[in-house]
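Peer 1: Fold the following, please.
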Amino acid sequence: MPKTTERRDLSLATAGLQVRAADGGEQGFTGHAAVFNSRTAIGNPLTWGFYEEIAAGAFTKTISEGDARMLVDHDTRMVVSRVSAGSLRLAQDQVGLAVDADLDTELSYVSDLVVNLRNKNITGMSFGFRVVKDDWEPVEIETVDGDKAEAELRIIREVQLFEVSAVTFPAYEDTDAGLRSVGVALAARGDDEAFDRRAAYRPELLNFRHEPGPAPTRGGDATQPGETTGGRQAMRMEALAARYLLAR
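Peer 2: Sure, this is the predicted structure:
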């Protein structure tokens, strides 16, 4: 996955993970990997971080065009299910991104996953993605002391989804993961002033300033749709077809 990949997590209670028995004795997995319109703190929003919300419909294109996998702890060697194989079904509902996966317990790590889910050793869900379209806006919040403070809110409008994972240690518990989440988001935003303001509190963020971000997906008109998530692959297929005179 590219360096611009981001990850977000949900706790077990919020994700609503369940192991179900399917027809024929097979087992399955249901839950949510993302929740819409739920404000989350990324880093410290009052100093070096921001708040974030995922807008309803953010997964529409990527669900129809992508080939996401379900993994264990983001480990690409532990593929549980896959959209193109018919063993992973993703949908958007009123809550967020719903996950419905078949569990083949002939794979030892899937069998272990089932036991760990039932014993509540797995503490959450996560998803790996690239932001295709987002907006930033100032928000006023109330601190624990009752004072008013300014912060920024990032609203994710569209994503390219790579994978969903059942995770043992949600990344939001890790300060380094929080720094990376902020750094990658700021690199994609391309706003030096936003970098400088936050780097006054966490200089490590400057390490992300020159990381390559994704190519712009729309012009200055925020009403224009984002880039089709399968666009690059489609362009490569068109080029190959033209080169070898294949039917398209």
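Peer 1: what about this protein, any weak spots by pLDDT?
Peer 2: Scanning the chain for pLDDT under 70 picks out 1-3, 22-25, 171-175, 211-248.
Peer 1: switch to 50 and redo it
Peer 2: 215-248 (pLDDT under 50).
Peer 1: Quick check: the closest residue to residue 118 other than its chain neighbours vs residue 100, distance?
Peer 2: Spatially, and ignoring its direct neighbours in sequence, residue 118 is nearest to residue 19 (6.0 Å; C-beta to C-beta, 6 or more residues apart in numbering). (Each C-beta comes from the backbone N, C-alpha and C, glycine too.) Remark: distance between residue 19 and residue 100 (C-beta to C-beta, to the nearest Å) = 12 Å.
Peer 1: Overlap in contacts, the two.
Peer 2: By C-beta atoms under 8 Å, 6 or more residues apart in numbering, residue 19 and residue 100 have these common neighbours: 28, 29.
Peer 1: Can you name the residues bridging to residue 131?
Peer 2: Under the criterion DSSP bridges, residue 131 forms beta bridges with residue 159.
Peer 1: Ok, residue 6 next?
Peer 2: residue 129.
Peer 1: how deep is it tucked in, by neighbour count?
Peer 2: The local packing of residue 6 (other C-beta atoms under 10 Å) involves 21 other residues.
Peer 1: residue contacts, it?
Peer 2: 128, 129, 130, 131, 181, 184, 185.
Peer 1: same deal with residue 137?
Peer 2: Neighbouring residues of residue 137 by C-beta under 8 Å, 6+ apart: 152, 153, 155.
Peer 1: 7 Å instead?
Peer 2: Residue 137 sits next to residue 153 when contact means C-beta atoms under 7 Å, 6 or more residues apart in numbering.
Peer 1: buried set for the helix or strand containing it?
Peer 2: Per DSSP states H and E, residue 137 falls inside strand 124-142. For strand 124-142, the neighbour count (16 or more other C-beta atoms under 10 Å) marks 124, 125, 126, 127, 128, 129, 130, 131, 132, 133, 134 as buried.
Peer 1: Stretch 11-29 now?
Peer 2: Under the neighbour-count criterion of 16+ other C-beta under 10 Å, stretch 11-29 has 12, 14, 15, 17, 27, 28, 29 buried.
Peer 1: Make sure the residue nearest to residue 118 is actually in contact with residue 119.
Peer 2: No. With contact defined as C-beta atoms under 7 Å, residue 19 does not count as touching residue 119 (10.7 Å).
Peer 1: which stretches of the protein form strands?
Peer 2: 6-11, 18-21, 27-35, 40-42, 50-54, 69-72, 75-82, 88-92, 96-103, 124-142, 148-167 (DSSP state E).
Peer 1: For the shortest one, buried residues please.
Peer 2: This means strand 40-42. Buried, per 16+ other C-beta under 10 Å, within strand 40-42: 40, 42.
Peer 1: do the same with stretch 204-211
Peer 2: Buried residues in stretch 204-211 (16+ other C-beta under 10 Å): 205, 208.
Peer 1: Kindly report the same for stretch 31-45.
Peer 2: Quick answer for stretch 31-45 (16+ other C-beta under 10 Å): 31, 32, 33, 34, 35, 36, 40, 42, 43, 44, 45.
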